[in-house]
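Engineer: Provided below for reference: sequence and predicted model.
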Amino acid sequence: MNYSGDRLLLGNQRESQVSRFRAWVLFAVPLAAILFQVYVPLFFDFLAYLELPLIVTVYFALMRRGPIGGTVIGALVGLAQDSLSNKPLGMFGIVKTLVGYFAASVGMRFDVDHSVIRFLLGFFFFFFHQFFYWVLSHALLAQQVDFDLRRTLVMGLLNAVVAVFVFRFLDKLRQKS
């Protein structure tokens, strides 16, 4: 069976293989992303819009292509981010768990190696993340957090652009099969 490189849906078994990573990559990359998120905006305010732990969570969940693995990745990254931030413990954990689950589910259905798909997924999951954080802040903490749609859309586009480049870099860390 011949398949086109431009297909968006998975066409055969070869395209749906789970990507493998070394253990140090699965530990060091999310840790570096979380430390970036916590400490770099203290010195460079213009980088505060980047949500690198989310981008890393989406990437690993998409590449692992398993909802259980995506859920675990999201939960671990979210709880680690919660422990280093000044936000209530568990909020990022819950939201990134949902993101990990849904990203892994999408990774099972689509060929996520295309830059356009990666851009769209980066944008979608940033918006998803921000929206559910807002919902949980209202529902669980009874906090009146603003959800500025225009700002969220612009930040989503910026994060999606960064996600495409981060995904390409992380592709180089995959184990060859």
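Structural biologist: Thanks, I have it.

Engineer: now that we're looking at S85, how far away is R174 from it?
Structural biologist: In this view, S85 and R174 are 29 Å apart by Cβ to Cβ, to the nearest Å. No exception for glycine: its C-beta is placed from N, CA and C like everyone else's.

Engineer: any chance you could read off phi and psi for R20?
Structural biologist: Main-chain dihedrals, R20, degrees, to the nearest 10: phi -110, psi 140.

Engineer: Excluding covalently adjacent residues, which one is nearest to it?
Structural biologist: Closest residue to R20 apart from its sequence neighbours, by Cβ to Cβ, 6 or more residues apart in numbering: Q175 at 4.3 Å.

Engineer: and the one you found, how many residues sit next to it?
Structural biologist: For Q175, the neighbour count with other Cβ atoms under 10 Å is 9.

Engineer: Assess the claim that it and W24 are in contact.
Structural biologist: No - assessed by Cβ atoms under 8 Å, Q175 is found out of contact with W24, at 11.6 Å.

Engineer: What is the neighbour count of I73?
Structural biologist: 28.

Engineer: helices or strands up against the helix or strand encompassing it?
Structural biologist: Here I73, judged by DSSP states H and E, is contained in helix 67-84. Helix 67-84 sits against helix 23-43, helix 52-64, helix 91-109, with contacts defined as 3 or more Cβ pairs under 8 Å, 6 or more residues apart in numbering; DSSP states H and E.

Engineer: Just the C-alphas of the shortest one, formatted as PDB.
Structural biologist: C-alpha atoms of helix 52-64 as PDB (Å, rounded to 0.1, in the frame of the first residue of the first chain):
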ATOM      1  CA  LEU A  52       7.000  25.600  27.800                       C
ATOM      2  CA  PRO A  53       5.800  22.900  30.300                       C
ATOM      3  CA  LEU A  54       2.500  22.800  28.300                       C
ATOM      4  CA  ILE A  55       4.400  22.500  25.000                       C
ATOM      5  CA  VAL A  56       6.600  19.700  26.400                       C
ATOM      6  CA  THR A  57       3.500  17.900  27.800                       C
ATOM      7  CA  VAL A  58       1.800  18.100  24.400                       C
ATOM      8  CA  TYR A  59       4.800  16.900  22.500                       C
ATOM      9  CA  PHE A  60       5.500  13.800  24.700                       C
ATOM     10  CA  ALA A  61       1.800  12.900  24.800                       C
ATOM     11  CA  LEU A  62       1.500  13.200  21.000                       C
ATOM     12  CA  MET A  63       4.600  11.200  20.400                       C
ATOM     13  CA  ARG A  64       3.800   8.400  22.900                       C
END
